[in-house]
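In: 3D model of this:
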Amino acid sequence: MTGGPEPLSAVGREAFTRELVDLRTEREAVAVTLREGGGDQPGDRADQADELQRVTELQRLDSRIAEIEGRLREGAVAGPPSTETVGVGSTVTVRFADATEETVQIAEVAEVLDATMVTADSPLGAALLGHRAGDTVTYDTPEGRTTAVVVSLGTRDGQGDAS
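Out: Predicted coordinates for the structure are as follows:
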């Protein structure tokens, strides 16, 4: 991406917020088992291994929670996506090599129910990042290398479309 704070689309913010709620719930459930497991009781190696595994799981959850919280803060600081160059949150109309056109939104996280989402780390999404209207991008597909032309770009709400 750009190296600076990256914008976060409303869909991305919502997905991260849902994941954060789920992770916090899961973390509390694991933490309760550690508290109730009682570190003061003698146990065999299997008990110790189980406790170590739960501690490792807590660390994994804490790390992901911190990562999401940081990304949400960064997204808030970054403001809206640029309408000059393609970035996360941009809505881009592209013309493919077969002359068909499609409008997609560049997202940080995939939204399963939205077929117009293209993640920034997908072949097309990565190829589009940083480009402007009129640019031609090349990317790999399962059928081989292909090109697409950036016809226009803007934000999800359609503001700032450029041709």
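
In: leaving out sequence neighbours, find the closest residue to L153.
Out: Leaving out its chain neighbours, the residue that sits closest to L153 by Cβ to Cβ, 6 or more residues apart in numbering is V92, at 4.7 Å. All C-beta spots, glycine's among them, are computed from the backbone N, C-alpha and C.

In: repeat for V94
Out: A148 (4.4 Å).

In: pLDDT value on the residue nearest to L153, please?
Out: Looking at V92, its pLDDT is 91.

In: what's the longest helix in the chain?
Out: helix 45-78 (DSSP state H).

In: please state the offset of stretch 16-34 from the chain centre?
Out: With Cα atoms, centre = their mean, to the nearest Å as the basis, stretch 16-34 stands 19 Å off its chain's centre.

In: with stretch 83-102 instead?
Out: 18 Å.

In: quick one: the strands in this structure, in order.
Out: Taking DSSP state E as the criterion, the chain contains strands spanning 90-96, 101-107, 117-119, 136-141, 144-155.

In: mind giving me CSV with these and columns for mean neighbour count and distance to D62?
Out: Formatted as CSV, the strands of the chain follow (neighbours: other Cβ atoms under 10 Å; distance: least, Cβ to Cβ, whole Å):
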stretch, mean neighbour count, distance to D62
strand 90-96, 21, 32
strand 101-107, 19, 26
strand 117-119, 20, 25
strand 136-141, 14, 36
strand 144-155, 17, 34
